[in-house]
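**Student:** I'd like to go over a predicted model; first the sequence, then the structure.
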Amino acid sequence: MPNSSSPLVLILLSVEHLSPERRAEIGTVFDAHPLLRPGKVGQDPPRTRVGSTLVPHLAQPDLPLFLFGGEGARTEESATWIFELEPAWIVVGGRGDAGEVVRPVSSLTIVIGPERAAALGAHGLEIFLGEIGDAIGGAYGCIFPEATYEQLNRWYADGPARPDLSWGLGSVYWMQYLGPAFVERRPALAQLERSTTTPRGAVIHRATEQPEHSLENSGSPLDGEWRAPLLSALGEDVILISLEERDTMPSLEHHASFDPGRVGPPEDLVRRIREDAERRRRRREAEYDRARTRRLRLEGRRTPPHVHGMAEWSTNVDANEVPHFWRTLRERLAPEITSPCAGALGREIANTPTSAGDRVTVDSPHGPFAVAWLSDDEESLVLTLEGPGDLVERWEDFFEAGR
C-alpha cells in the first residue's frame, strides 16, 4: 500500500456532457468511498456541510468552480478537492478571422493525504480511479506523488507542465486512467501487465508497485524501466508535452464520441462567432484595399531601384507580428521610403488575403533590397528579404534578436 509521506494527487479530465444526472452518479461514487468524500463544499473556504451524501451538492443545474474540503483540523484534509465540471464552451482564434468553438474540458483534482492514501491502499485507489473515471466520462486521468509537480516544472520549464488532452500527458505516472479513445487507438494498452479494463472500456494501468518508486531515476519524463511498457504502447509523442499540432493524440471530438449524452455547442454561440468572423473579414478586406490603393499611388511617384545580389532571408510570421517586422526594418535598414508609403505598405502586408502577396524594392544606406510577402494562409505570412549578402546577414541578426 502507499506509504510515502508525500500526498498523492489524482487528476481526471473529461470532455463528456456532465448533466445533473451524470453529476449525481459522480456523487454516488464518492458516497461509496467515504474516505475520499469531502466533508464541506463551497467556494474557498468551503462552509456547507456535505452530510451523508454528496449527490445533492453535485446535481445542481449550475455548478461553478467548487473547492471541497474535509472536516477536521488536519492539514491534509483541508481544501483538497477541486471540481470544475462542464465549464462554458471555449471560443478560440481559428484560421484568420474565423473563431472556433472548442469543447470544454471538465477537471477533477484531489490531493489525497498520506493517511487516507495508506488506509485505501493501492488496490483501493485503483478501484476508485476506475469508478470515478467512468462516472465522469474520463478521457485521461492519473495519480502521482505531489512531488511529481517539481519534476514536471523542471522538465517543461518553458511551457505547460501539466497533463493535457491536446498538448501531451507529460510523463508516465504511478497510475493512469486511459479513456476509450486511447484504448481504441492503442489496443495493446489492455494487454499490459498491471492493466485492468473498466466497464466503460477504459484501461487502468499501474506503472509501478508503489507511488514513491515513480520519483526514482527520473532525469527526464521518459526515464526508468518501469515507464517502458506504457511508453511503448502509447509512444513518445503522446507522452511529451508540446504545443505543436500532432495527430498522435486523440482529438477532443474523438474522446467525446464515447459519450451517449453528447451535445454540440450552443447554436446562438456558433451563430455569433460566424457573424463576428464575417465582420472582421470585411474590415480586413476593406483595410487591405485602402492600403494597397494608397501604396500603389505613392509608389508611382518614385523609380524603384535595381536590387543587386542573390542572398535571401525568409520567415513565417503571424499577421500580428508584421508591425514588429516593419518597425524593425525601418529602424535597422533605414529604407528610403516616405512615411505615408511605409505606413500604407505595413497595413497592406498585415491585411493581405490568402494566396495574395507582392514585392517592392527600396533603396537604403546599406544598398537596395526587396521585400516580398505571401499570405500562406489566413493567419500567417511568408516574408522574404532579398539583397546583398552583408545586408541580408545584418538584417537577420537584428530581426531574430528582437523577436
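**Tutor:** That came through, no problem.
**Student:** now residue 235, nearest residue through space, not along the chain?
**Tutor:** Ranked by Cβ to Cβ, 6 or more residues apart in numbering and with sequence neighbours excluded, the top spatial neighbour of residue 235 is residue 248, at 6.0 Å. (Each C-beta comes from the backbone N, C-alpha and C, glycine too.)
**Student:** where does the one you found land on pLDDT?
**Tutor:** With respect to pLDDT, residue 248 has a value of 89.
**Student:** Show me the shaky parts of the stretch 151-300 of the chain.
**Tutor:** Counting by pLDDT under 70, the stretch 151-300 of the chain has low-confidence residues at 217, 262, 269.
**Student:** residue boundaries of the helices in it?
**Tutor:** Taking DSSP state H, counting those that start in this stretch as the test, the helices found in the stretch 151-300 of the chain are 180-185, 228-234, 236-239, 252-256, 267-299.
**Student:** Throw these into CSV and include distance to residue 201 and mean neighbour count, thanks.
**Tutor:** Shown next, in CSV, are the helices of the stretch 151-300 of the chain (distance: least, Cβ to Cβ, whole Å; neighbours: other Cβ atoms under 10 Å):
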stretch, distance to residue 201, mean neighbour count
helix 180-185, 4, 20
helix 228-234, 16, 19
helix 236-239, 18, 16
helix 252-256, 12, 18
helix 267-299, 30, 14
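**Student:** Adding distance to residue 194, write those out as CSV.
**Tutor:** Formatted as CSV, the helices of the stretch 151-300 of the chain follow (distance: least, Cβ to Cβ, whole Å):
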stretch, distance to residue 194
helix 180-185, 16
helix 228-234, 8
helix 236-239, 18
helix 252-256, 24
helix 267-299, 43
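**Student:** Of these, which is nearest residue 391?
**Tutor:** helix 267-299 (21.2 Å; Cβ to Cβ).
**Student:** which helices and strands sit right next to that closest one?
**Tutor:** strand 99-102, helix 339-350 (3 or more Cβ pairs under 8 Å, 6 or more residues apart in numbering; DSSP states H and E).
**Student:** and if we set it to 10 Å?
**Tutor:** The contact analysis (3 or more Cβ pairs under 10 Å, 6 or more residues apart in numbering; DSSP states H and E) places helix 267-299 against strand 90-93, strand 99-102, helix 339-350, strand 357-362.
**Student:** can you tell me which of these the model trusts least?
**Tutor:** strand 90-93 (a mean of 59).
**Student:** Relative to residue 361, which of the helices of the stretch 151-300 of the chain is closest?
**Tutor:** When these are compared (using Cβ to Cβ), the closest one is helix 267-299, at 10.0 Å.
**Student:** quick check, distance from that closest one to the centre of its chain.
**Tutor:** 28 Å (Cα atoms, centre = their mean, to the nearest Å).
**Student:** Next, the angle from that helix to helix 339-350.
**Tutor:** 140 degrees (axes from the mean of the first three to the mean of the last three Cα atoms, to 10 degrees).
**Student:** tilt between helix 267-299 and strand 357-362?
**Tutor:** Helix 267-299 runs at 30 degrees relative to strand 357-362, counting by the same axes, to 10 degrees.
**Student:** Show the subsequent helix or strand relative to helix 267-299.
**Tutor:** Note on helix 267-299: by DSSP states H and E, the next helix or strand toward the C-terminus is strand 311-318.
**Student:** in its sheet, what does that following strand sit against?
**Tutor:** Strand pairing for strand 311-318, determined by DSSP bridges: strand 380-387 (antiparallel).
**Student:** Over the partner strand, what's the mean pLDDT, rounded is fine.
**Tutor:** On average, the pLDDT along strand 380-387 is 88.
**Student:** Okay, buried residues for that strand please.
**Tutor:** Buried residues in strand 380-387, counted by 16 or more other Cβ atoms under 10 Å: 380, 381, 383, 384, 385, 386, 387.
**Student:** Next, the contact list for the fifth one, please.
**Tutor:** It stands for residue 385. 311-315, 325, 329, 333, 369-372, 391-392, 395-396, 399 (Cβ atoms under 10 Å, 6 or more residues apart in numbering).
**Student:** same thing but 6 Å
**Tutor:** 313, 371, 395 (Cβ atoms under 6 Å, 6 or more residues apart in numbering).
**Student:** who does the second one bridge with?
**Tutor:** According to DSSP bridges, the residues that bridge with residue 371 are residue 360, residue 385.
**Student:** do the first one as well
**Tutor:** Under the criterion DSSP bridges, residue 313 forms beta bridges with residue 385.
**Student:** Quick check: it touching residue 392?
**Tutor:** Yes - with contact defined as Cβ atoms under 6 Å, residue 313 counts as touching residue 392 (4.9 Å).
**Student:** Report the residue ranges of every domain in the protein.
**Tutor:** Segmentation of the chain into domains, based on automatic domain parsing, reads 8-18+86-265, 269-402.
**Student:** Can I get those domains in CSV including distance to residue 41?
**Tutor:** Output for these, formatted as CSV (distance: least, Cβ to Cβ, whole Å):
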stretch, distance to residue 41
domain 8-18+86-265, 13
domain 269-402, 29
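**Student:** From residue 241, how far off is the residue nearest to residue 49 when sequence neighbours are not counted?
**Tutor:** In space, and not counting its chain neighbours, residue 49 is closest to residue 40: 5.7 Å by Cβ to Cβ, 6+ apart. Distance, residue 40 to residue 241, by Cβ to Cβ, to the nearest Å: 34 Å.
**Student:** Residue 348 too?
**Tutor:** Here residue 348 is placed at a distance of 38 Å from residue 241 (Cβ to Cβ).
**Student:** More neighbours: these two, which one.
**Tutor:** Shown here are residue 348 and residue 241; by other Cβ atoms under 10 Å, residue 348 has more neighbours (25 against 20).
**Student:** Brilliant, that's me finished.
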